[in-house]
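Asks: the following block contains a protein sequence and its predicted model.
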Amino acid sequence: MTVAWLGLGANLGDARQTLKDAVVCLAQQHTITVLAKSSLYRTAPIDAGGDDYYNCVVKLDTTLPVRHLLALCHRVESHFGRERPFRNAPRTLDLDILLYGDHVIEEPDLIVPHPRLIERAFALVPLIELDPDLIIPQHGRADAFLTAVADQRIEKVKPLCQCLAGLAAAEADTARGAAPDVAAGDSNGKMKRGGCR
Ligand code: AMP
């Protein structure tokens with residue numbers, strides 16, 4: 001088993017939902033155990049036009065050799081409608097292998113650690129959220145590179161889980177002495193309809 005870290009990004013279509021679905025898709029692979037998922041971040045496009053990106057990072061345990069993991073990433077990207085009309089084009093889903101254990105790979109079509117990892121807040125910030133002491137092979141502590149990317153816009157997205165929204169609304173109602181909103185959730189925060197997506 002190898003611990004690997006994948007970066008996920010999207011800025012076409014329902015990007016937030018795509019990232020959530022892609023994490024589920026990864027977790028459904030029998031060769032992968034998802035150990036942790038970062039918060040979702042909204043970030044400015046870098047070296048590219050188009051809308052803001054949504055990004056997150058997942059930490060996983062995998063039995064897949066790194067090339068098989070790359071092939072899986074490409075299959076998942078295709079499944080979510082990824083097209084490559086030109087370099088840095090807007091994308092429905094981008095999956096990058098940021099780290100694969102402590103392996104260092106420098107081949108024409110596969111570079112690990114990912115070559116732009118230390119230059120991109122959208123990769124560094126979620127990585128460090130999951131492991132504040134993370135060491136990047138050949139580079140050292142990940143947090144040492146944060147200063148250099150401090151000018152890149154990145155903001156954590158508040159979770160949109162409707163259960164939590166219902167709970168917050170019910171708690172606010174209770175605090176005000178009002179009757180709880182039955183549609184959003186009862187006084188225990190339980191959903192009356194809908195639910196987490
Ligand atoms: P992108 O347009 O960002 O999806 O780039 C994909 C290309 O980058 C693929 O053809 C990969 O072979 C190559 N590549 C090189 N290193 C990596 C990596 N660490 N993770 C994912 N793709 C990589």
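Replies: Structure's in. What do you need? Residues are numbered from 1 along each chain as shown.
Asks: first-to-last residue distance for stretch 101-108?
Replies: One end of stretch 101-108 to the other measures 20 Å (C-alpha to C-alpha, to the nearest Å).
Asks: that one near the ligand anywhere?
Replies: No. Stretch 101-108 lies out of reach of the ligand by C-beta under 6 Å from any ligand atom, never closer than 7.7 Å. For every residue, glycine as well, the C-beta is placed using N, CA and C.
Asks: gap between residue 31 and the ligand?
Replies: Computed as C-beta to the nearest ligand atom, to the nearest Å, the residue 31 to the ligand distance reads 17 Å.
Asks: got phi/psi on residue 117?
Replies: Note on residue 117: backbone dihedrals following degrees, to the nearest 10 are phi -60, psi -50.
Asks: and it, what does it touch?
Replies: 7, 98-99, 123-124, 127, 136 (C-beta atoms under 8 Å, 6 or more residues apart in numbering).
Asks: among these, name the ones in helices.
Replies: Using DSSP state H, the members of these that fall in helices are 123-124, 127.
Asks: which one of those residues sits closest to residue 154?
Replies: Closest approach to residue 154 among the ones in helices among the contacts of residue 117 (C-beta to C-beta): residue 124, at 9.2 Å.
Asks: any residues touching stretch 20-35, and which ones?
Replies: With contact meaning C-beta under 8 Å, 6+ apart, stretch 20-35 is reached by 3, 6, 8, 37, 56, 58-64, 68, 72, 76, 79-80, 93, 95, 197.
Asks: pLDDT averaged over it - what is it?
Replies: For stretch 20-35, the mean pLDDT works out to 97.
Asks: ends of that stretch, how far apart?
Replies: Stretch 20-35 has an end-to-end distance of 15 Å (C-alpha to C-alpha).
Asks: ok, and for that stretch, which residues are buried?
Replies: Using 16 or more other C-beta atoms under 10 Å as the test for burial, stretch 20-35 gives 20-23, 25-26, 29, 32, 34.
Asks: name the nearest residue to residue 37, sequence neighbours excluded.
Replies: Excluding the flanking residues, the one nearest residue 37 by C-beta to C-beta, 6 or more residues apart in numbering is residue 58, at 5.0 Å.
Asks: in what helix or strand does that neighbour lie?
Replies: Using DSSP states H and E, residue 58 maps to strand 53-62.
Asks: counting by contacts, list what that strand packs against.
Replies: For strand 53-62, the packing partners by 3 or more C-beta pairs under 8 Å, 6 or more residues apart in numbering; DSSP states H and E come out as strand 2-10, helix 15-27, strand 32-37, strand 41-43, helix 121-130.
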